[in-house]
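Colleague: Sequence below, structure please.
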Amino acid sequence: MDECLRACSVHSGKLVGSLDPRRLALAEALRQLLALWATQETAAPAPTAAGLLRRTKAAATGSGGTLGNDVLDALLNVGNKAVVCAYDDELQLTLLITDTILHQRRNSRAGWRLRGRILEALGRPEAAAEAYERYLDLTKEDGFGVRARVDGIHAATRARTELLTLLGRTVPESARFSDRPATDVWAEGLAAHAVGDQSGAEARLVGALLAMDRQGTPEQEVQEALAHYLDLATSRQARPTAELTRALALYADTRRNHMRGPVPDPLFDGVQWLSLGEFRNRIAGKSICLIANSGTVAESSLGSEIDGYDLVVRFNSYRIDPAHTGRKTDIHVTIHKHNYNWDQRVDTRLVFSGSSPDWKYSVRNKLVPGAQTCVNDESLRWPVRNIGGWTTERFEAIPTSGFNMLWLLDFLDVSPTLDLIGFDFYESGAYRLPEAMKLAITNVHAYGSEKAWVMERAQSVSGMRISLR
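Modeller: Here you go, the predicted model:
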């Protein structure tokens, strides 16, 4: 633990002056971790002369000799911010963090999932799949789509193995070079290609690819080399051979499955796409109730009243308790990042995202065939920004799923009744699916600003019900 905290402290100093937004987010996570550690150090009953990064074994662990929950969450936050930076220093820091977490807590689900992510980033997909499998063994609900990730890794590995086998069989001379250092053989192959020795180049380049596979070269480097080889092969053949065509197909399978995993076909099972106008027509004239994922909803006793609305809207990782939340869900609004409740049968699923590529990826990969009748098209991807034109100058924070939906309904203005139940903006805490309860109530949203917008438009407030119409 001391080694890990020392590394975090050193890395925090490296980020001073960085303009990369990913590293700025990491710097803030490191600041929060080190501040928490300093607080615990100060509160320790018998501190030693060492400072922030030196503490007794009793202070370094929680009850029972395990990592305390607050420090665990802070470490996980740092690791999750570091892995997306994708720089070598950050990747090695994340690896050290997962070593520390899993040494202290062998059954940390979040630790194993982070371990899988960092091993993937380091180009070790098979090891990543093992870490992900461990995560799946420890959880009842796969809210992050890890199973699809594992299936994708296995499918990509099979395709790459078949591709290398095909290349080795097609270029048998490559066997003479496959036991040598891959970097040296690859350089020789490129040199042979430059002087027009195509047969010698092909044998060496394929031999280098086989050597990379045997020597455990990081996956990203193998993929780059495969792309380079196939590019050279196609450029010198006016009409690709059957073997080259098959090799290109296997390479595409490898890359595709690494990116998204296998996808059912047909994916959408007759789903209807909804544009802005089509969504308006679908809700026009109907009473609508939006149910928050807040602690007060769990004690509302309004279940039967909620089910009496024409349309009931729920969000992200909503949880059903019929007596308090009601039973029906007509519209499920979800941010693209999570997998919660995508398999629950609803009439309409609205997937929100601030990124067009991320939205397309999630809709393509996460929709469960038959679980919805309608899905929003890209015209409804990010209502507050894209329809309302609210820039960051007007509303700096990231709008929540709830605010995007509420703003959209207010903008369309076709519902005679528009009620919000339990919208206290998390003042009473969260009420979600059990596997989602550990998700942080993130500070990237401006709950205060959203609440002010709601209250300015409220026609009446009665208990936990806010009526905008």
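Colleague: Going by C-alpha atoms from here, please, whenever you check contacts or count neighbours.
Modeller: Noted.
Colleague: Now do stretch 233-240: distance to the chain's middle.
Modeller: Relative to its parent chain, stretch 233-240 has a centroid offset of 39 Å by Cα atoms, centre = their mean, to the nearest Å.
Colleague: So what touches stretch 427-439?
Modeller: The contact list for stretch 427-439 (Cα atoms under 8 Å, 6 or more residues apart in numbering) reads 139-141, 143, 293-298, 317-319.
Colleague: Let's see that with 7 Å instead.
Modeller: Residues outside stretch 427-439 that contact it (Cα atoms under 7 Å, 6 or more residues apart in numbering): 141, 293, 294, 295, 296, 298, 317, 318, 319.
Colleague: tell me how far the ends of that stretch are from each other?
Modeller: 16 Å (Cα to Cα, to the nearest Å).
Colleague: What mean pLDDT does that stretch get?
Modeller: For stretch 427-439, mean pLDDT is 84.
Colleague: and the one helix or strand residue 453 maps to, what does it pack onto?
Modeller: Here residue 453, judged by DSSP states H and E, is contained in helix 447-457. Helices and strands touching helix 447-457, by 3 or more Cα pairs under 7 Å, 6 or more residues apart in numbering; DSSP states H and E: there are none.
Colleague: which pair in the contacts of stretch 427-439 spans the largest distance?
Modeller: 141 and 296 (24.3 Å; Cα to Cα).
Colleague: Tell me which of these two has more neighbours.
Modeller: residue 296 (21 against 15; other Cα atoms under 10 Å).
Colleague: Am I right that the more buried one is in a helix?
Modeller: Yes - using DSSP: H, G, I helix; E, B strand; the rest coil, the secondary structure at residue 296 is a helix.
Colleague: quick one, what contacts it?
Modeller: Neighbours of residue 296 in contact, by Cα under 7 Å, 6+ apart: 422, 428.
Colleague: so which of the contacts of stretch 427-439 is the most crowded?
Modeller: residue 293 leads the contacts of stretch 427-439 on contacts (other Cα under 10 Å) with 28 neighbours.
Colleague: Give me the distance between the closest residue to that residue other than its chain neighbours and residue 116.
Modeller: Closest residue in space to residue 293, ignoring its immediate chain neighbours: residue 431 at 5.0 Å, by Cα to Cα, 6 or more residues apart in numbering. Distance of residue 431 to residue 116, given as Cα to Cα: 28 Å.
Colleague: more crowded one of the two?
Modeller: Per other Cα under 10 Å, whichever of residue 431 and residue 116 has more neighbours is residue 116, with 28 against 20.
Colleague: Does the more buried one lie in a helix or a strand, and which?
Modeller: Assigned by DSSP H and E, residue 116 belongs to helix 109-121.
Colleague: try residue 185
Modeller: helix 182-194.
Colleague: downstream neighbour of that helix in the secondary structure list?
Modeller: helix 198-215.
Colleague: CA-only coordinates of that following helix in PDB, if you can.
Modeller: The C-alpha trace of helix 198-215 is given here as PDB (Å, rounded to 0.1, in the frame of the first residue of the first chain):
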ATOM      1  CA  GLN A 198       9.100 -10.100 -52.700                       C
ATOM      2  CA  SER A 199       9.400 -13.800 -51.900                       C
ATOM      3  CA  GLY A 200      12.200 -13.100 -49.300                       C
ATOM      4  CA  ALA A 201      10.200 -10.200 -47.900                       C
ATOM      5  CA  GLU A 202       7.000 -12.300 -47.600                       C
ATOM      6  CA  ALA A 203       8.800 -15.100 -45.800                       C
ATOM      7  CA  ARG A 204      10.400 -12.800 -43.300                       C
ATOM      8  CA  LEU A 205       7.400 -10.700 -42.700                       C
ATOM      9  CA  VAL A 206       5.100 -13.700 -42.000                       C
ATOM     10  CA  GLY A 207       7.900 -15.300 -40.000                       C
ATOM     11  CA  ALA A 208       8.000 -12.100 -37.900                       C
ATOM     12  CA  LEU A 209       4.300 -12.200 -37.300                       C
ATOM     13  CA  LEU A 210       4.500 -15.800 -36.200                       C
ATOM     14  CA  ALA A 211       7.400 -14.800 -33.900                       C
ATOM     15  CA  MET A 212       5.400 -12.000 -32.400                       C
ATOM     16  CA  ASP A 213       2.600 -14.400 -31.600                       C
ATOM     17  CA  ARG A 214       5.000 -16.900 -29.900                       C
ATOM     18  CA  GLN A 215       6.900 -14.200 -28.000                       C
END
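Colleague: Going by neighbour count, list what's buried in that helix.
Modeller: Buried residues in helix 198-215, defined by neighbour count with 16 or more other Cα atoms under 10 Å: 198, 200-213.
Colleague: Also stretch 97-105?
Modeller: Residues 97, 98, 99, 100, 101, 102, 104, 105 are the ones in stretch 97-105 that count as buried (16+ other Cα under 10 Å).
Colleague: same question, stretch 253-260
Modeller: Buried, per 16+ other Cα under 10 Å, within stretch 253-260: 253, 254, 255, 257, 258, 260.
Colleague: same check, this time on stretch 213-225
Modeller: In terms of neighbour count (16+ other Cα under 10 Å), stretch 213-225 has its buried residues at 213, 218, 219, 222, 223, 225.
Colleague: thinking again about what came up before, in helices only, show me the buried residues of stretch 253-260.
Modeller: Judged by DSSP state H, the subset of the buried residues of stretch 253-260 located in helices is 253, 254, 255, 257, 258, 260.
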